[in-house]
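**Q** Need a 3D model of the following:
(one chain, ligands or ions: 3)
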Amino acid sequence: MEFPICAQHNEEFGYFCEKCDEPTCKVCIFTLHKGHNMSDLSETVAKKKKELSSTWEVYLRKLEGARKSVDNMENSLHTYRKKVYNTIKEIESEGEKLRNIIDKTVSDMAKELREKEAEEMKRVTQVINGLKSQLERGIQLERHINKALKLKDDTSMLISLKKFQEDMASYIPEVILPCEFSYLKGNAGSAHVHSMLGRIFFENDKSGRETPLEAKDDFNRNARKYELWACPLCNTERYIDRMDESERSFKTPRCCYGFMQSRGIAYK
Ligand SMILES: [Zn+2]
Ligand SMILES: [Zn+2]
Ligand SMILES: [Zn+2]
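**A** Ligands and ions are numbered 1, 2, ... in the order given. Model prediction:
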């Protein structure tokens, strides 16, 4: 295997220029890199190898953090989707309840009208029938009067005439009409239906609509199972379970636990 050499001076690299961050040959030191800070190349490589392994450890801890974040975000998404599914079921069941109430109210109102109708039919028909029988009696009376007027006996005639007078005077015709009613329509619109069925509020609502405190409580209670957290030691950001106090505690940041222990570093 051939080693890379300085193309300008045809010499092996033996030094490392700190300022230019590149290997140099023994001639370069006094020409291109004159006056720059120089280190021994093999020492520099050893130092850089050590740096890499430490960076690699930090990187691994970041990966571990990312893996936990993915787990927690996936859990959140799962919980979220379950909540959407359950909420739709709940809205549908509220809708069903409302439809039943509306159907029942419609049939109750129809029933109320029909009962009143039957009552009025009975009341008015009774009067109509009474009038009809009076008409019958009138025809009969006319016949009786015509017959009485042909009587020869004055006394009998007088009695009959008096009776006819009484009969006609006692008749008082009665006229009634069915009880009036009025149906005043309601003015139900979608706002009324919403007030019965409820509304959905989104935490990131941009419409400027006021979010009720109850909904805000709901956001905090349900949606915030996980929160973004930065490890005070490695500064890795990830989502942690809100309830997990140990994650938040500076004494046992899980991402750094093994790392600190392996180095014998005491926790604060
Ligand atoms: Zn050179
Ligand atoms: Zn240099
Ligand atoms: Zn950490």
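**Q** So residue 120 sits against residue 176, correct?
**A** No: assessed by CB atoms under 8 Å, residue 120 is found out of contact with residue 176, at 9.4 Å. Where you see a C-beta, it was placed from the backbone N, CA and C, and this is true even at glycine.
**Q** Looking at the two, which one has more neighbours?
**A** residue 120 (16 against 11; other CB atoms under 10 Å).
**Q** Please, where are all the strands along the stretch 1-150 of the chain?
**A** Remark: strands assigned in the stretch 1-150 of the chain by DSSP state E, counting those that start in this stretch are 5-6, 11-17, 22-25, 38-40.
**Q** Pick the most buried one from those strands.
**A** strand 22-25 (a mean of 19; mean count of other CB atoms under 10 Å).
**Q** How far away from the center of its chain is that one?
**A** Centre-to-centre, strand 22-25 and its host chain are 66 Å apart (CA atoms, centre = their mean, to the nearest Å).
**Q** ok, now stretch 219-235?
**A** 24 Å.
**Q** Poorly predicted segments of the stretch 151-268 of the chain, please.
**A** For the stretch 151-268 of the chain, applying pLDDT under 70 flags the ranges 222-224, 250-252, 254, 257-268.
**Q** Can you name the residues of the chain sitting close to ligand 3?
**A** Applying CB under 5 Å from the ion, we find that the chain lies next to ligand 3 at 231, 233-234, 253, 255-256.
**Q** Residue 240 belongs to a helix, doesn't it?
**A** No: in this structure, residue 240 is strand, not part of a helix, as judged by DSSP: H, G, I helix; E, B strand; the rest coil.
**Q** That one and residue 227 touch, don't they?
**A** Yes: applying CB under 8 Å, one finds residue 240 in contact with residue 227, separated by 6.5 Å.
**Q** The two: which is more packed in?
**A** Each of residue 240 and residue 227 has its neighbours counted (other CB under 10 Å); residue 240 has more, 20 against 13.
**Q** Only alpha carbons, please: show stretch 101-108 as CSV.
**A** What follows is stretch 101-108 as a C-alpha-only set of coordinates in CSV (Å, rounded to 0.1, in the frame of the first residue of the first chain):
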residue,chain,number,x,y,z
ILE,A,101,-86.0,13.3,21.1
ILE,A,102,-87.0,15.2,17.9
ASP,A,103,-89.0,12.2,16.6
LYS,A,104,-90.7,11.8,20.0
THR,A,105,-91.5,15.5,20.2
VAL,A,106,-92.9,15.5,16.6
SER,A,107,-95.2,12.5,17.4
ASP,A,108,-96.2,14.0,20.8
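**Q** what's the spacing between residue 69 and ligand 1?
**A** Residue 69 sits 48 Å away from ligand 1, going by CB to the ion, to the nearest Å.
**Q** what's near enough to touch the nearest residue to that residue once chain neighbours are set aside?
**A** Excluding the flanking residues, the one nearest residue 69 by CB to CB, 6 or more residues apart in numbering is residue 238, at 4.1 Å. Shown in contact with residue 238 (CB atoms under 8 Å, 6 or more residues apart in numbering): 65-66, 68-69, 72, 228-229, 231, 255.
**Q** Mark which of those residues are buried, thanks.
**A** With neighbours counted by 16 or more other CB atoms under 10 Å, these contain buried members at 65, 68-69, 72, 229, 231, 255.
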